[in-house]
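Colleague: Dropping a prediction and its sequence here:
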Amino acid sequence: MNRVYILGGAQTDFERNWTKEGKSIVAMMTEVTSAALQTVHIDMTEIRRLNAENTIAGYLGNFGAERYLKQGHLNAFFDEVDDAFMGMPAVRYESACASGSAAILAAIHQLNTSFEVGIVLGVEIMKSLSALRGADVLGGAAFYEQEAEGKKYPFPELFGQLALDTIRKYHLSESKYMDHLAMLANKNYGNAKRNKNAQTRKWYMSLAHAQTRGVKYNSLVGAGLAVSDCSQVTDGGACLILCSKKYAQEYCLRNDMHLDELPYIAGWGHRHAPISYKKKIEYAKSHDCILPFTKMAVEDAYRMAGVTVNDVDVIETHDCFTSSEYAAISCFGITQPGREFEAIDSGRIFFDGDLPVNPSGGLIGGGHPVGASGVRMMLDLEKQVLGKAGGYQVANAEVAAMLNLGGSATSNFSFVVRR
């Protein structure tokens with residue numbers, strides 16, 4: 001695979017409520033795309049040139065605009081961002097909460113064959129609906145008829161079941177396991193306070209609060225998980241500007257840079273598990289890992305990048321619930337399956353540890369606009385390896401990895417970024 005380079009990008013403030021602001025999904029696309037292009041010093045004259053040469057394309061990740069906003073066909077709105085995009089090839093990608101990563105992977109493939117520049121955009125407006133109606137929309141990322149129809153909060157139940165199945169598979173103490181989940185929640189809320197774009201940066205959270213489940217301000221939402229164990233309902237967008245090696249060389253020449261200064265996507269993995277959660281767990285009975293397809297995706301990314309977990313300096317992972325981050329610890333190879341608690345007890349994955357996980361706050365602390373989360377994660381990897389992550393910068397980060405899940409770990413995307 002030829003290298004695909006990351007020129008830069010931007011994200012919106014995930015604290016914002018775009019419906020209350022009276023702003024549309026097109027406004028979000030326009031704002032974040034314009035900010036990304038400004039960050040990398042590409043103007044609309046250059047976009048017009050690339051478009052005239054048919055060497056630029058758009059890749060848009062979005063999960064549920066048809067139901068959240070009654071609007072589909074979002075890829076057709078690039079020319080609403082600016083007339084310079086008119087006629088540009090653009091496709092929308094949907095893979096539940098991994099829609100952004102699906103768009104990234106599509107761009108990687110085409111930048112190796114067809115185009116020189118890819119505008120990768122992830123957008124989602126979720127606060128247009130009530131919590132219950134929104135939960136029903138999200139249920140479409142599961143096997144709706146079997147797992148979501150008629151249920152109040154389908155995904156908290158599914159990932160609560162993952163928590164229970166993890167306890168059973170590895171013969172863990174339930175109370176200790178739940179305390180470890182609380183430690184993960186507290187970690188991610190704490191990290192979010194360092195991030196100026198994090199949804200919960202002004203929220204209160206303490207370890208004692210996260211440990212006290214089933215009370216007024218931390219009610220249970222599914223199979224033992226509480227509100228503190230859940231990612232947020234979020235409005236937000238993120239945009240990346242990716243390019244081929246040829247364009248990266250031209251870009252560096254114009255901007256008095258060396259190619260080695262640009263981060264690149266060194267490896268990727270993409271695996272699909274059964275959409276049925278029960279089928280996943282049945283399959284996992286013959287594997288040490290409770291999410292074997294997730295682990296395969298990470299290992300594929302490592303293999304392509306020529307790295308092991310010992311080379312990785314920072315990780316952004318899909319903590320839609322604390323139980324998914326817990327399971328991801330062994331998928332990344334940080335511990336053996338069933339020993340994930342060791343990485344928590346040792347503090348290794350905390351901000352000051354030797355392998356910080358979710359220094360941005362992740363989905364629980366940072367926010368989870370589902371179609372944008374994969375793009376946001378990749379943007380944070382880029383920031384980390386360039387030393388531009390601000391208050392949540394991990395010292396001396398050179399190799400960064402991410403994991404983005406869709407559904408109940410049905411779609412599994414992993415990427416490695418390095419300089």
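Modeller: It's in. Residues are numbered from 1 along each chain as shown.
Colleague: For the rest of this, base every contact and every neighbour count on C-alpha atoms.
Modeller: Noted.
Colleague: which outside residues touch stretch 412-419?
Modeller: 98, 101-102, 260-273, 293-294, 297-298, 301-302, 305, 381-382, 385-386, 398-406 (C-alpha atoms under 8 Å, 6 or more residues apart in numbering).
Colleague: Stretch 78-92: which residues count as buried?
Modeller: 78, 81, 84-86, 88-92 (16 or more other C-alpha atoms under 10 Å).
Colleague: Averaged pLDDT, that stretch. What do you get?
Modeller: When pLDDT is averaged over stretch 78-92, the result is 97.
Colleague: which residues make contact with it from outside it?
Modeller: For stretch 78-92, contacts defined as C-alpha under 8 Å, 6+ apart pick out 26-27, 29-30, 33, 44-45, 47-48, 51, 54, 56-62, 73-76, 103.
Colleague: go on, stretch 379-386?
Modeller: For stretch 379-386, the surrounding residues in contact (C-alpha under 8 Å, 6+ apart) are 6, 8-10, 238-240, 261, 263, 314-316, 360, 389, 393-394, 396-402, 417-419.
Colleague: Narrow these to those in strands?
Modeller: Within the contacts of stretch 379-386, residues falling in strands by DSSP state E are 6, 8-10, 238-240, 314-316, 399-402, 417-418.
Colleague: re earlier: go ahead and build a PyMOL selection from the buried members of the contacts of stretch 412-419.
Modeller: Buried subset of the contacts of stretch 412-419, written as a PyMOL selection, criterion 16+ other C-alpha under 10 Å:
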select buried, resi 98+101+102+262+263+264+265+266+267+268+269+270+271+272+273+293+294+297+298+301+302+305+381+382+385+386+398+399+400+401+402+403+404+405+406
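Colleague: Return the members of the contacts of stretch 78-92 classed as buried.
Modeller: The buried subset of the contacts of stretch 78-92 - by 16+ other C-alpha under 10 Å - is 29-30, 33, 47-48, 51, 54, 56-62, 74-76, 103.
Colleague: By mean pLDDT, flag the weakest helix or strand of this structure.
Modeller: strand 220-222 (a mean of 88; mean pLDDT, DSSP states H and E).
Colleague: what helix or strand does residue 200 sit in?
Modeller: Using DSSP states H and E, no element contains residue 200; it sits outside every helix and strand.
Colleague: Quick check: next helix or strand after the lengthiest helix in the chain?
Modeller: The helix of greatest length in the chain, counted in residues with DSSP state H as the criterion, is given as helix 174-192. Once the chain leaves helix 174-192, the next helix or strand it forms, by DSSP H and E, is helix 207-211.
Colleague: Which stretches in the stretch 301-419 of the chain count as helices?
Modeller: For the stretch 301-419 of the chain, applying DSSP state H, counting those that start in this stretch gives helices covering 322-331, 341-345, 362-366, 373-386.
Colleague: low pLDDT regions in the stretch 1-150 of the chain?
Modeller: By pLDDT under 70, the stretch 1-150 of the chain has no low-scoring segment.
Colleague: returning to that earlier point: so which of the contacts of stretch 78-92 belong to helices?
Modeller: 26-27, 29-30, 33, 44-45, 47-48, 51, 103.
Colleague: Select, from these, the two members most distant in space.
Modeller: The span of the ones in helices among the contacts of stretch 78-92, defined through C-alpha to C-alpha, is set by 45 and 103 at 24.8 Å.
Colleague: Residue 236 touches residue 14, doesn't it?
Modeller: Yes. The pair residue 236 and residue 14 passes the contact test of C-alpha atoms under 8 Å, sitting 5.3 Å apart.
Colleague: Determine the set of other helices and strands touching the least confident helix or strand of the chain.
Modeller: With contacts taken as 3 or more C-alpha pairs under 8 Å, 6 or more residues apart in numbering; DSSP states H and E, strand 220-222 sits against helix 154-170.
Colleague: Cool, thanks, signing off.
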